[in-house]
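Student: sharing a sequence plus its predicted fold:
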Protein chains: 2
Amino acid sequence: MTMKAMEHAKPLLNYIRKHVTLSEEEEVFLCSKIDYRKYLKGQYILQQGDISTTQCFILSGCTKMFFVDNDGQEHIVMFSIEDWWTSDLGSFVSQTPSDFNVQCLEASEVIQFPYETIESLFEGIPKLERFFRKIIEQAFVASQKRIIQNFSLSAKERYQLFHSKYPQIEQRIPQYMLASYLGFTKEFLSKVKKELLKP
Amino acid sequence: MTMKAMEHAKPLLNYIRKHVTLSEEEEVFLCSKIDYRKYLKGQYILQQGDISTTQCFILSGCTKMFFVDNDGQEHIVMFSIEDWWTSDLGSFVSQTPSDFNVQCLEASEVIQFPYETIESLFEGIPKLERFFRKIIEQAFVASQKRIIQNFSLSAKERYQLFHSKYPQIEQRIPQYMLASYLGFTKEFLSKVKKELLKP
DNA sequence: AAAAAATAGTAATCTAGTTTAATATTTTAC
DNA sequence: GTAAAATATTAAACTAGATTACTATTTTTT
């Protein structure tokens, strides 16, 4: 592992420090097990049908995770930006073909945890296993919350919620992708935004 | 801990053995940290607004987890039966008031992991932390899958999927609760079932 | 700077699912 | 075993959001 790799990992280490405390040796060991990589806008980190071989931590940029249904329609499941994760966890943990694509909406820098090294990482740094458990707990809670909101809120209310909760994301993505994420059509989002402006 | 407690924990230990291997001392230690308890039909394991103090493993019976929205409408988030878990994980891990209720649809026997002992459990048996990570991974993947299905499938298709995937659950719960879980009205479910019978 | 491609807006028509309201059936309680 | 409560069915009227099809605007490419 190079000095460069340690340099790239800084935002990740800061992020991990919010959850668990690692010794300096542990941080060095961690950095020896992970990869840094850049993607161009439009490039795929993962494609539907492939097995997810890494967990990605995003240093810079923005990605969408989506799947294409039987009618050829694209459905966006999540957006990820700096200091968050992306990958199909289901495919990663079971090493089976993924239902999802992950594509970069901007040029992006990521840190990748390869499947082959993650078990040895957990063995070497048990605190890291606790860290991952907490990250997954967070993701699960967010996922549950999303199910609830889709059930109990109207399309308009879902948009308003996203708008107030993630203004930085809304500014970075095209509107038609937001509509896909929120579960309705781009035409309807146009209508909703117009209504919200006039009263 | 009594002999009785070990006896009650058997289905849980069998379940855990599918994921990780514990030594006999570890199994005894685990049993010393958990509680067995019975609930009557209709009783609440958790109420909206309370802090979730336990993770529940179900030995027998059936529960629903639901929340009541601002319009007073009940939305069912999940059903749990034998050999599965229930509780509001978000409330449990952050020890904040829950958005959910968990109510028994049948008389139920459960094993409870209290919040105060779960950290010491993980310290004493690190393999158990791995086990919980895997369980949460599973739950997260299932939750993601549900979001996808709600977006890409029609109400009719969602019913068909549930019907073929969880026939044992469908038989144990009233239809109007299934409609709530699937995200549409009981009247519409009646209509869908009728359509599916005739062709 | 022009052309092409991508994104956004508008409006009419259509439909999956809701609402309301009433009746029928099954389960539970005494 | 009967009354009451809970659950299920049906059907007409209604609505949130989809579809279609076209125009306007913004961004990217050359």
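Tutor: Ah, there it is. Since the model is a prediction, treat every value here as computed from it, not as a measurement.
Student: need the longest helix for chain A.
Tutor: Across chain A, the longest stretch assigned as helix under DSSP state H is helix A:126-152.
Student: in that helix, what's buried?
Tutor: A:126, A:128-141, A:143-144, A:146-148, A:150-152 (16 or more other Cβ atoms under 10 Å in any protein chain shown). For the C-beta atoms, the positions are set from N, CA and C on the backbone; glycine is no exception.
Student: what's the answer for stretch A:14-24, then?
Tutor: Buried residues in stretch A:14-24 (16+ other Cβ under 10 Å): A:15, A:16, A:19, A:20, A:22.
Student: quick one: name the residues of chain A near DNA strand C.
Tutor: Residues of chain A lying close to DNA strand C by Cβ under 7 Å from any atom of the strand are A:174, A:175, A:176, A:186, A:187, A:189, A:190, A:191, A:193, A:194.
Student: in helices only, show me the residues you listed.
Tutor: Counting by DSSP H, those contribute A:175, A:176, A:186, A:187, A:189, A:190, A:191, A:193, A:194 to helices.
Student: run through who's touching the helix or strand of chain A with the lowest mean pLDDT.
Tutor: Sorted by mean pLDDT, DSSP states H and E, the helices and strands of chain A end with helix A:3-17, the least confident at a mean of 88. With Cβ atoms under 8 Å, 6 or more residues apart in numbering or on different chains as the test, helix A:3-17 has contacts from A:22, A:27-28, A:30-32, A:34, A:36, A:57, A:59, A:82-83, A:109, A:111, A:128, A:131.
Student: which of those residues has the most neighbours?
Tutor: residue A:57 (24 neighbours; other Cβ atoms under 10 Å in any protein chain shown).
Student: so what's it bridging to?
Tutor: residue A:85, residue A:111 (DSSP bridges).
Student: what's the separation between it and residue A:19?
Tutor: 13 Å (Cβ to Cβ, to the nearest Å).
Student: so what's residue A:82 up against?
Tutor: Per Cβ under 8 Å, 6+ apart, neighbours of residue A:82: A:11, A:58, A:59, A:60, A:61.
Student: what's the burial count for the second one?
Tutor: Pointing back at residue A:58 there. Neighbours of residue A:58 (other Cβ under 10 Å): 22.
Student: interface residues of chain A facing chain B?
Tutor: Residues of chain A lying near chain B by Cβ under 8 Å from any Cβ of the partner chain: A:67, A:69-70, A:73, A:75, A:77, A:89-90, A:93, A:99, A:122, A:126, A:129-130, A:132-134, A:136-137, A:139-141, A:143-148, A:150-152, A:183.
Student: recalculate using a threshold of 6 Å.
Tutor: A:69, A:75, A:90, A:93, A:126, A:133, A:136-137, A:139-141, A:143-144, A:151-152, A:183 (Cβ under 6 Å from any Cβ of the partner chain).
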